[in-house]
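Trainee: Based on what follows, work out the 3D shape:
(chains A and B)
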Amino acid sequence: MSGGTATSTTATAAARRSLLSRMTLYHLLLFFALLLAWHFLVQLTILPAFFFGEPIKVFAQIWRWFAGGTIYGHLGVTLLETLLAFFIGLVIGVAGGLWLGLSRNAAFLLDPYIKALNAMPRVILGPIFVVWFGLGILSKVMLGVTLVFCIVFFNVFQGVREVSPNILANARMLGASNRQLLRSVYLPSATSWVFSSLHTSVGMAFVGAVIGEYLGSVKGVGYLILQAESVFDINSVFAGIIVLTLFALVLDACVGAIEKRLMVWRPVAQ
Amino acid sequence: MSLAPRSGEPALALKEIGCTFGAYRAVESTTLLVADGEFVSVVGPTGCGKSTLLNVAAGLLAPTTGAVEVFGSPLVGLNRMAGYLFQADALFPWRTALSNVMAGLQFLGIHDTEARRRAWEWLERVGLGGHGDKYPHQLSGGMRKRTALAQTLIMDPKILLMDEPFSALDIQTRQLMENELLELWSADRKSVVFITHDIEEAISLSDRVVVLSAGPATRPIGEFKVDLPRPRDVAEIRLTQRFLELHNDIWHAMRDEVLKAYANARALAEART
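Mentor: Next up, the predicted model:
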């Protein structure tokens, strides 16, 4: 959809609005239908409540967490881990991507390691990080950093290598020094690639934090789930999963808003 | 613009230039002299190494053999006397039109307020007064070309290198741009090397038209002085008798080369299948 053309009349805008509100209605209907199905399948013992929980008790648990205030500390820790992992991973990823993107020799030397790092399931580093950095926040942040770094690194690396040769030549003819090329051409170009991967990298920082907590921790939403699981409190496990999902959605919406502000120069996708 | 008499040295001298890429000889012993203030067009069939020659003049590409001189001194590294207008879009997509025009001044270390003031002037001069805060993707093809022109001319280069700059524009926009280019050029008479494959464009703009042979081993095969009066209107001048004569002469010189280039391309396509 291109939108925003002068020809778009108020009639089509109104039609689109009504379509949008109808879709929201359908979304809600589907959501409640699924909840009802879950409820009755468990009530009629078609699904065992021991494994699948009961929606009413799940929401009661969520309510208790928020009303009692116990959840906020855990959410805060998970958020802190996510943000730290994201920003540290971002900085190291951009620096590494720029360096290897610009230095052919370094890229050539490190190529096998980069390939290995890309291929390995990096979540598996979690247990090692717990041993190295303990049960505190650091092991979770490091796991998140590893995940974020890889995404950002590969995007910046690609971005630097695919800077338009025309734009580069133009900047050089306009008198840009190597430093100015880095600042005025490579960095903005790499930034656009970083932004295209922003949703994934924030998501990965979140995954790192939660998995890290789940592997061993003393605080955080992952810890809550771990605790509930160890006493077979399946309702609290589901409650934790739902809280995490909502949290991830809010995070993603924030990223979307920031992206929209910073990427005004980008043409709208056709 | 200084009123001092022009020196005898050519602004740009490409002497016996040869360019080889691997086993492929793109350009062979080409000599091209451009006088101070002269507008020279280089025409030739597609793929004949015109852009290669321009990149050599810009210092973006070192020739395999031969030498480049700029106002009498040998060229080392980039040609700091030259501005380059590229065929493809080369604006910074993440900068607004105004910011694009400012770029060169910022690279020189000129203060932002001063750079912005001068960039506004140039945007006005190319007719984009109200479009400074738009990003390149929000501008039409013609407006992007104007921005690129302002971006290059704000640096006040003594030599202007242009690589088919208007080839992507529709014919009306193109003639408008050509007239504007002539007007800007007549204000301070830079030396221009204008690459094109369009004979009409070459004649209507230039003082001299150089015809290149088809590749490989491109070299000049003809040179035509354009003795049409200035100032010119590119649309009107096409209707004059002298223009048609020149067009005829140049086309005769070029026709065999175009056919050769076409045969080469077809042979290559057949060899691939």
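Trainee: contacts and neighbour counts: CA atoms only from here.
Mentor: Will do.
Trainee: Check which helix or strand B:Ile221 maps to.
Mentor: Element membership for B:Ile221 (DSSP states H and E) is strand B:220-225.
Trainee: Quick one: work out the angle between the helix or strand that that strand is followed by and strand B:220-225.
Mentor: Later in the chain than strand B:220-225, the nearest helix or strand by DSSP H and E is helix B:241-272. Relative orientation of helix B:241-272 versus strand B:220-225 (axes from the mean of the first three to the mean of the last three C-alpha atoms, to 10 degrees): 160 degrees.
Trainee: For helix B:241-272, which residues meet the burial criterion?
Mentor: B:243, B:246-247, B:250-251, B:253-254, B:257-258, B:260-261 (16 or more other C-alpha atoms under 10 Å in any protein chain shown).
Trainee: what helices or strands is the helix or strand containing A:Pro127 leaning on?
Mentor: Under the criterion of DSSP H and E, A:Pro127 resides in helix A:126-133. Contact here means 3 or more C-alpha pairs under 8 Å, 6 or more residues apart in numbering or on different chains; DSSP states H and E; on that basis helix A:126-133 packs against helix A:137-161, helix A:198-215.
Trainee: Tabulate the CA atom coordinates of the shortest one in CSV.
Mentor: When you say that, I think you mean helix A:198-215. The C-alpha trace of helix A:198-215 is given here as CSV (Å, rounded to 0.1, in the frame of the first residue of the first chain):
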residue,chain,number,x,y,z
LEU,A,198,16.2,-4.2,15.4
HIS,A,199,13.1,-6.3,16.1
THR,A,200,15.0,-9.5,15.9
SER,A,201,17.9,-8.3,18.0
VAL,A,202,15.7,-7.0,20.8
GLY,A,203,13.8,-10.2,20.7
MET,A,204,17.1,-12.1,20.9
ALA,A,205,18.2,-10.0,23.9
PHE,A,206,14.9,-11.0,25.6
VAL,A,207,15.4,-14.7,24.7
GLY,A,208,18.9,-14.5,26.2
ALA,A,209,17.6,-13.0,29.4
VAL,A,210,14.7,-15.5,29.9
ILE,A,211,16.7,-18.6,28.9
GLY,A,212,19.5,-17.5,31.2
GLU,A,213,17.1,-17.1,34.0
TYR,A,214,15.6,-20.5,33.3
LEU,A,215,19.0,-22.1,33.4
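Trainee: Can you find the helix or strand of chain A with the lowest average pLDDT?
Mentor: Of all helical and strand segments in chain A, the minimum by mean pLDDT, DSSP states H and E falls on helix A:187-196, at a mean of 82.
Trainee: Show me what that one is in contact with.
Mentor: Helix A:187-196 is contacted by residues A:94, A:98, A:152, A:155-157, A:159-160, A:163, A:259, A:263, B:94 when judged by C-alpha atoms under 8 Å, 6 or more residues apart in numbering or on different chains.
Trainee: Give the ChimeraX command for selecting the buried subset of the residues you listed.
Mentor: Selecting only the buried members of these in ChimeraX, with burial defined as 16+ other C-alpha under 10 Å, works like this:
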select /A:94,98,152,155,156,157,159,160,163,259 /B:94
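Trainee: Quick check: residues of the stretch 151-270 of chain A near chain B?
Mentor: Neighbours of chain B within the stretch 151-270 of chain A, by C-alpha under 8 Å from any C-alpha of the partner chain: A:166-167, A:169-171, A:173-177, A:180, A:185, A:188, A:265-267.
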